[in-house]
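**Student:** need coordinates for the following:
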Amino acid sequence: MILTTSAWPDGGQIPAKHTQAGDQISPAFKWTNVPAGTRSFVFNMLDPDVAIQRGTEPQPHWIVWNIPATATGLPEGVKAGAELPDGSRQISASGPQYRGPGAAATGPLHHYTFEVYALDIPVDVAPSAATTPIAAALETRAAVMKAMQGHVLGKAVYVGLFHRPK
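**Tutor:** Numbers count the residues shown, from 1 in each chain. Next comes the predicted model:
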């Protein structure tokens, strides 16, 4: 599989409009070369640098799951809401919505990782009812990743760099 966005080059800097320093508009992504037998997709955005710095799991910036097999990407500006019109679901550390990069200006650029997985099953996991958005996002992502085990047909990754302007 191949994952692309026209918003920045792979490994390049993420424009402010897609970050917490800007408007937090989700970027458009496209995926191609989808494996035969794909029945759904999972899109996972994370900041592995937070995990390295804090010795924790990667920050769950945004996960969208149960995306229909007919999808060829995500549009720019995905609306907030636990369930999207096509039946897919979303959650982030900010709730049921996109959460853009927000690395502090005092540190190094963070490597935000965008992953898309093609699965041979739908992943109809309910969002966690944890009392805080971050806990709900962590629990939900763990449940989605567990449900995916043994069902991944393909994966593609795209990287963007960001830290807040000084």
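
**Student:** tell me where the longest helix sits in this structure.
**Tutor:** In the chain, taking DSSP state H as the definition, the longest helix is helix 133-148.

**Student:** in whichever helix or strand comes after it, what counts as buried?
**Tutor:** Toward the C-terminus, helix 133-148 is succeeded by strand 152-162 as the next helix or strand (DSSP states H and E). Neighbour-count burial for strand 152-162 flags 153, 154, 156, 158, 159, 160, 161, 162 (criterion: 16 or more other Cβ atoms under 10 Å). For the C-beta atoms, the positions are set from N, CA and C on the backbone; glycine is no exception.

**Student:** so what does strand 152-162 touch, helix or strand wise?
**Tutor:** strand 2-4, strand 12-13, strand 110-119 (3 or more Cβ pairs under 8 Å, 6 or more residues apart in numbering; DSSP states H and E).

**Student:** show me what the first one is packed against.
**Tutor:** Using 3+ Cβ pairs under 8 Å, 6+ apart as the contact criterion, the secondary-structure elements in contact with strand 2-4 are strand 29-32, strand 110-119, strand 152-162.

**Student:** export the second one as CSV, just CAs?
**Tutor:** I take that to be strand 110-119. In CSV, the C-alpha atoms belonging to strand 110-119 read as follows (Å, rounded to 0.1, in the frame of the first residue of the first chain):
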residue,chain,number,x,y,z
HIS,A,110,8.5,15.5,16.6
HIS,A,111,7.9,12.8,14.0
TYR,A,112,4.2,12.4,13.6
THR,A,113,3.4,9.1,12.1
PHE,A,114,0.3,8.5,10.0
GLU,A,115,-0.5,4.8,9.4
VAL,A,116,-3.2,3.1,7.3
TYR,A,117,-4.0,-0.6,7.7
ALA,A,118,-6.0,-2.7,5.3
LEU,A,119,-7.9,-5.4,7.1
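
**Student:** residues in contact with that strand?
**Tutor:** Applying Cβ atoms under 8 Å, 6 or more residues apart in numbering, the external contacts of strand 110-119 come out as 1, 3, 5, 14, 29, 31, 34-35, 38-50, 58, 61, 101, 103, 148, 151-163.

**Student:** which among those count as buried?
**Tutor:** Applying 16+ other Cβ under 10 Å to the contacts of strand 110-119 flags 1, 3, 5, 14, 29, 31, 34, 38, 40-47, 49-50, 58, 61, 101, 103, 148, 151, 153-154, 156, 158-163 as buried.

**Student:** list the residues that contact residue 61.
**Tutor:** Per Cβ under 8 Å, 6+ apart, neighbours of residue 61: 45, 46, 47, 92, 93, 99, 100, 101, 112.

**Student:** now with 7 Å, please.
**Tutor:** Under the criterion of Cβ atoms under 7 Å, 6 or more residues apart in numbering, the neighbours of residue 61 are 45, 46, 47, 92, 93, 99, 112.
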